[in-house]
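Trainee: next one to model:
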Amino acid sequence: MRVLRLFTAIENRIFDILYARKFLTRKTPAIQHGCKDTVSTDWYSLVSIFKLIEVDKSEVLIDIGCGLGRVLIFWSKKYPSNRIVGYELNPIVFRECKNILTKKAEIYCRNVLLEEKIYGDLFFLFNPFGEKELLKFTKKIIQSNKKFKIVYFYPVHIDALSTLKKEILIEIIVIKSRVRAIHQKVVVITKK
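Mentor: As a prediction, this is how the structure comes out:
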C-alpha cells in the first residue's frame, strides 16, 4: 500500500511539472467555518472520472474550491474550447493559483455560497463543504440552472441531499483499479 501511495505521489508531481511547471500537491487549511481544507484531486482520478462523464464543447465547467488549479489545468488540456471557471475562498491559495494558471481559466476569490445565482453546466466538488453548505450550494444550483451536472468526488456528505430527492437524480460511479488498489466513489447529481 505504501508503494502505491508513493507511486501516486510521484505520478502527481510528474504531471504537475509537465502541465503546471510547479508542484500542486499540498494541504492548505480552510479559512472559514463550514468549508474544508484544500486538497488536490490526483491526476489518475481526474482522468478516470472524465472518461465516464460526457462534456459538451459548449458547457461551462466550474471547479468549486479549486485550490492550486489542478482540475482547471486538466480541463484546459482536455476541453480546450470550453469556458473554465474556478472559485477559491482562501486568498493565499487564490493568488498562487492565479500565478500558475494560463489565461484559459477564470478564477475568482470569493465564497460561492454568497453568490445570488451560480450559472454553469458542470460543477466539480472534491468535498469542499460541510453538510449544510453542500445542501445550500445544491439548492442554489437547482434554482440557477435548467440543466446541470454536479460531479462530487469523495462524497462524504451525500446524505445531506436526501431532502432534494424530488428535484435531483443521484448516480454513484465507482472508480476501481486493482493495480492501484483503489475503490473511489464519485457521485453525479443532475436535475430531474
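Trainee: show me the shaky parts of the protein.
Mentor: 1, 3-5, 7, 12, 25-38, 102, 177-182 (pLDDT under 70).
Trainee: can you list contacts of the helix of greatest length in the chain?
Mentor: Using DSSP state H to assign secondary structure, the helix with the most residues in the chain is helix 2-20. Defining contact as CB atoms under 8 Å, 6 or more residues apart in numbering, one finds that helix 2-20 is touched by 22-25, 40, 42-44, 68-70, 73-74, 77, 100, 180-181. (Glycine included, C-beta is placed from N, CA and C.)
Trainee: any of those residues buried? List them.
Mentor: Taking 16 or more other CB atoms under 10 Å as the criterion, what is buried in those is 24-25, 40, 42-44, 68-70, 73-74, 100, 180.
Trainee: what about the helices in this protein?
Mentor: 2-20, 43-52, 70-78, 91-100, 131-144.
Trainee: quick one, which of those helices is packed in tightest?
Mentor: helix 70-78 (a mean of 22; mean count of other CB atoms under 10 Å).
Trainee: what packs against it?
Mentor: Here helix 70-78 touches helix 2-20, helix 43-52, strand 60-64, strand 83-87, strand 105-108, going by 3 or more CB pairs under 8 Å, 6 or more residues apart in numbering; DSSP states H and E.
Trainee: do that again at 6 Å, thanks
Mentor: Where contact means 3 or more CB pairs under 6 Å, 6 or more residues apart in numbering; DSSP states H and E, helix 70-78 is packed against strand 60-64, strand 83-87.
Trainee: what angle do the last one and helix 70-78 make?
Mentor: Using axes from the mean of the first three to the mean of the last three CA atoms, to 10 degrees, the inter-axis angle of strand 83-87 relative to helix 70-78 is 170 degrees.
Trainee: got the contact list for strand 83-87?
Mentor: 60-64, 66, 72, 75-76, 105-108, 112 (CB atoms under 6 Å, 6 or more residues apart in numbering).
Trainee: what's the most distant pair in those residues?
Mentor: Maximum pairwise distance in the contacts of strand 83-87, criterion CB to CB, is 20.0 Å, between Ser76 and Val112.
Trainee: about what we covered before: restricted to buried residues, select the contacts of strand 83-87 in ChimeraX.
Mentor: Filtering these down to the buried ones (16+ other CB under 10 Å) takes a single ChimeraX command:
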select :60,61,62,63,64,66,72,75,76,105,107,108,112
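Trainee: which one of the contacts of strand 83-87 is nearest Val156?
Mentor: Closest to Val156, out of all of the contacts of strand 83-87 and judged by CB to CB, is Ile64, at 14.9 Å.
Trainee: list the residues that contact the closest one.
Mentor: 87, 112, 123, 125, 128.
Trainee: so what's it bridging to?
Mentor: The partner list for Ile64 in beta bridges (DSSP bridges) reads Tyr87, Leu125.
Trainee: for Ile17, see how far away it is.
Mentor: Remark: distance between Ile64 and Ile17 (CB to CB, to the nearest Å) = 26 Å.
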